[in-house]
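Participant: When you get a sec, could you give me coordinates for this:
(2 chains)
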Number of protein chains: 2
Amino acid sequence: MKVAALAGGVGGAKLAHGLDQVLPAGDLTVIVNTGDDFEYLGLRISPDLDTVMYTLAGLADPEKGWGRADESWICLDTLRLLGGPTWFRLGDKDLALHLERTRRLGQGETLTAITGDFCSTLGVRSTILPMSDERVATKVQTEGGELAFQTYFVALRCEPEVRGFRFEGLDSAKPAAGVLEAIGEADLVVLCPSNPWVSLDPILAIEGVRSAVGQKPVVGVSPIIGGRALKGPAAMMYQQLGFEASALTVAEHYRSLLDGFVLDHADLELESQVQVLGLQTCVTQTVMNDYHDRRNLADTILEFAQQIQERMRST
Amino acid sequence: MKVAALAGGVGGAKLAHGLDQVLPAGDLTVIVNTGDDFEYLGLRISPDLDTVMYTLAGLADPEKGWGRADESWICLDTLRLLGGPTWFRLGDKDLALHLERTRRLGQGETLTAITGDFCSTLGVRSTILPMSDERVATKVQTEGGELAFQTYFVALRCEPEVRGFRFEGLDSAKPAAGVLEAIGEADLVVLCPSNPWVSLDPILAIEGVRSAVGQKPVVGVSPIIGGRALKGPAAMMYQQLGFEASALTVAEHYRSLLDGFVLDHADLELESQVQVLGLQTCVTQTVMNDYHDRRNLADTILEFAQQIQERMRST
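Facilitator: Residues are numbered from 1 along each chain as shown, chains lettered A, B, ... in the order given. All right, here's what the predicted structure looks like:
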């Protein structure tokens, strides 16, 4: 079963890794948000792309969720002594990736090609694609004005109250080479448990992506469990924007695209309300504490998708 | 005694360190070659400036001569695995300096101001100035064409035969703020034992520097001892350009500027020939194996300069 997964940060990367492990090699394409990308110390940083890449390469830090395991911070510590900015933490190994990516982008290579080479070098089995080779910059609109995403997310620790979002550069951004093809060839599109507002909405907003996804069986997984996000500001964003933070709200967020929706056991009580939206449901453990949990959730989603397809055929 | 020292790489940095140690704080200004500067991985690298700065800060690697002591290579090793260029070796601590310098240059700050802040942070007592805030790029002319200096020096290990040099950007380069002032206020200018062709000639070629130096008592120290350079291609360059590689040739190189010239014991036989050039001479140990040797040579030079000044007054 060919699968295209849309993913952002840590939660999305974990499920993508599960899918990567249970699918035959080459059957998974992960399309990753690059709206969080930014320039830092003159380097092009692609936080979500790297989280997915490190996770699928088995190199991700299991504690922090971002960055690499067995990382060191010698350069960053020296930079601090020199009075440089250190609010975005770059480890010594991670830094090499940013230096090399920035160098190759400067030579006119695409982010897609560079990411492909890195994945190959790091031994990633699946295909990882940035959503676009053009820059799309997620801006967080707050009472105090519009903030670059990483300023909001890392430097200000998500403290400003959110009023909305804007994806700068969207009008001139095309899907990266392979994105629409991967969706077109897919038997299933998975919306990973990533932040709907700032991880998956940017991907879906790229020209042609939403309509391509809409033509496929789509299963979404809620990043909100028991009213809370495991990591990151997704639940808080819903609340600040006037929504209840719940798996049901996430299902409504993606409603027009979804065929099935995966809920955690903790949200069993919401299952019937999600079904009222016209969606098939699957209740399972969505919290991924270890590699085993990732594979289990991936297997469950693939089974669920088969059931959905069988019901689609029978109606 | 106020001293302005012109310096390039390792040998020059060692003598500058000796002068830094024996002069009262604030009496030394080191004017450093930036003709070797280049862009690498998108970073602005200033090899001579950093060698002098690290040396005066007591942070230089005593074995290699370049880079920092207690350095690690985690980023570089990772960069190699990713297929990136690693011919110019950047340690993790060193890298922080290049990142921060590049960031601040990008914000429009001058190399002089940034270097001043770094020196202050690293506890350097003396003033270290780049020769210019404008880019001057030393090109090495070889049979195979013109090479960027670091390509010749590091990537090609000085293998191409040298036919000449060109200092690109010289016409529009001004001395950095403080350079002409430091020379003007100096009681003595020291030409450190650096490569005459590619370390000191670029500094002297900057508009106004040669004539400012020419108005001062000037003492040069030969980087060539017993016909050989302790480090680097100086001796080989003289030979390839059709000169004998010797301390005498170095004295002739700077002849119009010099009042006195310092020779190593190994070159005692050349002393009379240097005197024939009209220069006062001092024969001493110029090889600096440790901190003690650096201070000794500096003390000897300062005494020698006082003798020269006394003789100047008495004639």
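
Participant: which bits of chain A sit near chain B?
Facilitator: Taking CB under 8 Å from any CB of the partner chain as the contact definition, chain A meets chain B at A:41-43, A:72, A:74-79, A:81-85, A:92-93, A:95-97, A:99-100, A:102-103, A:106, A:117-118, A:121. The C-beta positions use only the backbone N, C-alpha and C, and glycine is treated the same way.

Participant: Can you flag the buried ones in these?
Facilitator: In those, burial by neighbour count holds for A:41-43, A:72, A:74-76, A:78-79, A:82, A:84, A:92-93, A:95-97, A:99-100, A:102-103, A:117-118, counting by 16 or more other CB atoms under 10 Å in any protein chain shown.

Participant: mind listing the strands for chain A?
Facilitator: In chain order, chain A shows strands spanning A:3-7, A:28-32, A:38-40, A:43-45, A:127-130, A:137-142, A:145-148, A:162-168, A:188-191, A:218-221, A:224-225, A:228-229, A:260-264, A:280-284, with DSSP state E as the criterion.

Participant: got CSV for the ones you listed, with mean pLDDT too?
Facilitator: Formatted as CSV, the entries for the strands of chain A read as follows, by pLDDT from 0 to 100:
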stretch, mean pLDDT
strand A:3-7, 98
strand A:28-32, 98
strand A:38-40, 94
strand A:43-45, 96
strand A:127-130, 98
strand A:137-142, 97
strand A:145-148, 95
strand A:162-168, 97
strand A:188-191, 98
strand A:218-221, 98
strand A:224-225, 96
strand A:228-229, 90
strand A:260-264, 98
strand A:280-284, 98
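
Participant: Residue B:190: which of these is closest?
Facilitator: Relative to residue B:190, the nearest member of the strands of chain A by CB to CB is strand A:43-45, separated by 39.6 Å.

Participant: Run through who's touching the closest one.
Facilitator: By CB atoms under 8 Å, 6 or more residues apart in numbering or on different chains, the surrounding residues in contact with strand A:43-45 are A:37-39, A:88, A:90, A:95, A:98-99, A:101-102, A:105, A:150, B:42, B:99.

Participant: Those in helices, which ones?
Facilitator: Mapping these onto helices (DSSP state H) picks out A:95, A:98-99, A:101-102, A:105, A:150, B:99.

Participant: Render the CA-only coordinates of stretch A:206-214 in PDB, please.
Facilitator: The C-alpha trace of stretch A:206-214 is given here as PDB (Å, rounded to 0.1, in the frame of the first residue of the first chain):
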ATOM      1  CA  ILE A 206       0.400  24.900  -1.200                       C
ATOM      2  CA  GLU A 207      -1.200  25.100  -4.700                       C
ATOM      3  CA  GLY A 208      -2.800  21.900  -5.700                       C
ATOM      4  CA  VAL A 209      -2.000  19.900  -2.600                       C
ATOM      5  CA  ARG A 210      -5.500  20.100  -0.900                       C
ATOM      6  CA  SER A 211      -7.300  19.100  -4.100                       C
ATOM      7  CA  ALA A 212      -4.800  16.200  -4.700                       C
ATOM      8  CA  VAL A 213      -5.300  15.000  -1.100                       C
ATOM      9  CA  GLY A 214      -9.100  15.300  -1.500                       C
END
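
Participant: what about that stretch, average pLDDT?
Facilitator: The predicted model gives stretch A:206-214 an average pLDDT of 98.

Participant: Show me what counts as buried in that stretch.
Facilitator: Going by neighbour count (16+ other CB under 10 Å), the buried part of stretch A:206-214 is A:206, A:209, A:212-213.

Participant: Stretch A:161-174 now?
Facilitator: Neighbour-count burial for stretch A:161-174 flags A:162, A:165, A:167, A:170, A:173 (criterion: 16+ other CB under 10 Å).

Participant: In TSV: these, plus distance to residue B:57.
Facilitator: Compiled in TSV, the buried residues of stretch A:161-174 are given as follows (distance: CB to CB, whole Å):
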residue	distance to residue B:57
A:162	46
A:165	47
A:167	46
A:170	48
A:173	47
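
Participant: Helices of chain A, residue ranges please.
Facilitator: Using DSSP H, the helices assigned to chain A run over residues A:10-22, A:47-56, A:74-81, A:92-106, A:111-122, A:149-150, A:179-185, A:201-205, A:209-214, A:234-240, A:247-253, A:271-276, A:291-314.

Participant: Tell me which other helices or strands the last one touches.
Facilitator: Applying 3 or more CB pairs under 8 Å, 6 or more residues apart in numbering or on different chains; DSSP states H and E, we find helix A:291-314 packed against helix A:10-22, strand A:188-191, strand A:218-221, strand A:260-264, strand A:280-284.

Participant: switch to 7 Å and redo it
Facilitator: In terms of contact count using 3 or more CB pairs under 7 Å, 6 or more residues apart in numbering or on different chains; DSSP states H and E, helix A:291-314 is assigned the packing partners helix A:10-22, strand A:218-221, strand A:260-264, strand A:280-284.

Participant: Tell me the strands beside the last one, with direction?
Facilitator: Based on DSSP bridges, the strands next to strand A:280-284 in the sheet, each with its direction, are strand A:260-264 (parallel).

Participant: who's in contact with the partner strand?
Facilitator: Applying CB atoms under 7 Å, 6 or more residues apart in numbering or on different chains, the external contacts of strand A:260-264 come out as A:219-222, A:225, A:247, A:251, A:270-271, A:274, A:279-287, A:301, A:304-305, A:308.
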